[in-house]
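Visitor: I'd like to go over a predicted model; first the sequence, then the structure.
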Amino acid sequence: MHIGVIIRALLLDGRDAYARAAWVLLLFALPGIGTLLYMLFGERWISTAFRDRARECYEVLLHYAPSASTSPLSPASTGAFSTCEAASRWPLSTGNKAHVASGSDAAITSVVADIDAATHTVHLSFYIWLGDRNGTKVIDAICRAAKRGVTCRIVADAIGSRALIRSDHWKAMRQAGARVYASLPVPLGLGFLAGHRTDLRNHRKIIVIDGGITWCGSQNCADPAFLPKRKFAPWVDIFIRYEGPIARQAELIFASAWMAETGEDMRPVLTVDPPQALPSGFPAIAVGTGPLSPNATMTDIFVAVLAAARERAVITTPYFAPDPPLLNAIVAAARRGVQVTIIFPERNDSWIVGAISRAYYPVMARAGAQIFEFRSGLLHAKTLVVDDLLALVGSANMDRRSLDLNFENNVLFDSADVAAEVGEHQRRWLAQSIEIGHAGIAGRSLPRRLVDNILTMAAPLF
């Protein structure tokens, strides 16, 4: 069995050489434990039945995507949008408008207002949903909407939101008439063999109201204090409210996953006309990625956006364990003269990923990237703004989980006004950060360098 697993790891198609080498090294070093770990986590396996069902649902619902429209794009951003169009299999949408919430509490207040104003449907999906102040506000709004006859379809990840799913709050939404579902449940015993890897999670944050308003960003449904990990608080996020045809694309991402997991036919929901383009709106595209996507799809999107940079690129991400193409894209941008600024949290709730992040500081700094660490809590926002115009904001981190394993959703848009709003948040975060200069990067002790570099070798395993 051990030899067979090693041969399988060597023959598996679509895996980058670094991930293959890491697994083969682990298998040789730990014959028994390594074999078990590979069988559980070595491949992003999902049962054939679920995979086929999810693909069939997506194919069926693609018919309801907005039709192609012309929009003036800068030559530099065309490649990024084309990459997202290939990933989503629908064209970019034009005539969208957006507003960036001023903070996490303000975002929840606006979300609750949107739910209270809903007349037909509320579609909502969160990875982590807590029964705290903000979480309860949304629960109460859903209950009010369901009781007045609005169809509410509510999703929470079975592991990320397990406490809420087991609570009276979950029962209250169901009793009010909302349709609730725990996404990607983990079967007991050997039942998992008919499902999926336990650590493949629904990391998406999607809200769609009446098919015409959608929210996308990094924010979970929780207070900034984030009580399960309060010592890292406040958690600093970004959430953006969109109106226009982009809402139909976000609803397709939600609907295809809901249809695959619950079996409900979502075609009747999407027969209504999609939102019309708004005057003076901007081009944007919503993209859902995950373990059912072609290999390295999320990496391709990050790389394409970075390739569009001519003058500057500002990145924020809490979890940074890049694959080689993504790391090379950041280094290449800095080397060609782009002012690359990256903001990480100073204290990370995952010490392993935090150490892996710091191990990559030297190669990025030598290329010319400026590296900062945010000191006022855990900077959880995932943003990439290029040349104050093109921006990618959503749920995906720059780590192996978001790149390969988790279901994610992001929006790419081309708007100087909205990019300026995101940029204002980034500048505020920079003001609360310290720059890690060359002296600080080079000053790592030998034991620290040894541990960090070993962790980078093991990064493909996480």
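Guide: On my side now, so go ahead.
Visitor: Under the pLDDT cut-off, which ranges of the stretch 151-300 of the chain? List them.
Guide: 188-196 (pLDDT under 70).
Visitor: could you pull out the helices for the stretch 151-300 of the chain?
Guide: Secondary structure of the stretch 151-300 of the chain (DSSP state H, counting those that start in this stretch): helices located at 162-165, 168-176, 246-262, 297-307.
Visitor: Can you say which of these is nearest to Y127?
Guide: Shortest distance between Y127 and those, using CB to CB, is found for helix 162-165: 11.3 Å. Heads up, the C-betas are built off the backbone N, CA and C, glycines and all.
Visitor: now the closest one: how far from the chain's centre is it?
Guide: Helix 162-165 sits 21 Å away from the centroid of its parent chain (CA atoms, centre = their mean, to the nearest Å).
Visitor: List of residues touching that helix?
Guide: With contacts defined as CB atoms under 8 Å, 6 or more residues apart in numbering, helix 162-165 is touched by 129-131, 135, 156, 158, 170, 182.
Visitor: can I get those residues in CSV with neighbour count?
Guide: Output for the contacts of helix 162-165, formatted as CSV (neighbours: other CB atoms under 10 Å):
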residue, neighbour count
W129, 28
L130, 23
G131, 18
G135, 22
A156, 25
A158, 17
W170, 21
A182, 20
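Visitor: between those, which is closest to D116?
Guide: For the contacts of helix 162-165, the minimum distance to D116 (CB to CB) is 16.4 Å, reached by G135.
Visitor: so the closest one touches A222, yeah?
Guide: Yes: using CB atoms under 8 Å, G135 is in contact with A222, at 5.6 Å.
Visitor: shared neighbours, these two?
Guide: Taking CB under 8 Å, 6+ apart as the criterion, G135 and A222 both touch W129.
Visitor: where do the strands sit along the stretch 1-150 of the chain?
Guide: All strands of the stretch 1-150 of the chain, identified by DSSP state E, counting those that start in this stretch, fall at 93-100, 121-126.
Visitor: Quick check: F282 touching V411?
Guide: No: the pair F282 / V411 is not scored as a contact, 11.1 Å apart, by CB under 8 Å.
Visitor: Next, format the helices of the stretch 151-300 of the chain as CSV and append distance to A367.
Guide: As requested, those are exported to CSV (distance: least, CB to CB, whole Å):
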stretch, distance to A367
helix 162-165, 41
helix 168-176, 48
helix 246-262, 34
helix 297-307, 12
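Visitor: Can you give me the first-to-last residue distance of stretch 6-15?
Guide: 14 Å (CA to CA, to the nearest Å).
Visitor: now it, how far from the chain's geometric center?
Guide: Mean-position distance between stretch 6-15 and its chain equals 27 Å (CA atoms, centre = their mean).
Visitor: Start at 128, not 1
Guide: Noted, 128 is the first residue going forward, which turns the last one into stretch 133-142.
Visitor: Pull out the buried positions in it.
Guide: 133, 136, 142 (16 or more other CB atoms under 10 Å).
Visitor: What about the residue lying closest to V490 once chain neighbours are set aside, how many residues nearby?
Guide: Residue nearest to V490 in three dimensions, not counting chain neighbours: V458, with 6.4 Å by CB to CB, 6 or more residues apart in numbering. Using other CB atoms under 10 Å, V458 has 19 other residues around it.
Visitor: my read: V458 touches M491, true?
Guide: Yes: the criterion here is CB under 8 Å, and V458 meets it with M491 at 6.3 Å.
Visitor: Figure out which of the strands of the stretch 128-277 of the chain is closest to R502.
Guide: Closest to R502 of the strands of the stretch 128-277 of the chain, according to CB to CB: strand 220-227, at 22.4 Å.
Visitor: What residues of that closest one count as buried?
Guide: Those would be 220-225, 227, for strand 220-227 by 16+ other CB under 10 Å.
Visitor: Mean confidence (pLDDT) on that strand, please.
Guide: Taken as a whole, strand 220-227 has an average pLDDT of 96.
Visitor: the inter-axis angle of it versus helix 373-389?
Guide: In terms of direction (axes from the mean of the first three to the mean of the last three CA atoms, to 10 degrees), strand 220-227 departs from helix 373-389 by 90 degrees.
Visitor: can you list contacts of strand 220-227?
Guide: For strand 220-227, the surrounding residues in contact (CB under 8 Å, 6+ apart) are 193, 196-198, 365-373, 375-376, 403-406, 408-412, 540, 542, 545, 548-549, 552.
Visitor: For S310, see how far away the nearest residue to L291 once chain neighbours are set aside is.
Guide: Nearest residue to L291, sequence neighbours excluded (CB to CB, 6+ apart): W256, at 4.9 Å. Distance of W256 to S310, computed by CB to CB, to the nearest Å: 11 Å.
Visitor: Report the set of residues contacting both of those two.
Guide: A283.
Visitor: buried set for stretch 505-517?
Guide: With burial defined by 16+ other CB under 10 Å, the residues of stretch 505-517 counted as buried are 505-514, 516-517.
Visitor: I should have written stretch 391-402 there, sorry.
Guide: 393, 396-397, 401-402.
Visitor: end to end, how far does it reach?
Guide: 23 Å.
Visitor: now it, how far from the centre of its chain.
Guide: 25 Å.
Visitor: Repeat that for stretch 378-395.
Guide: Distance of stretch 378-395 from its chain centroid, counting by CA atoms, centre = their mean, is 19 Å.
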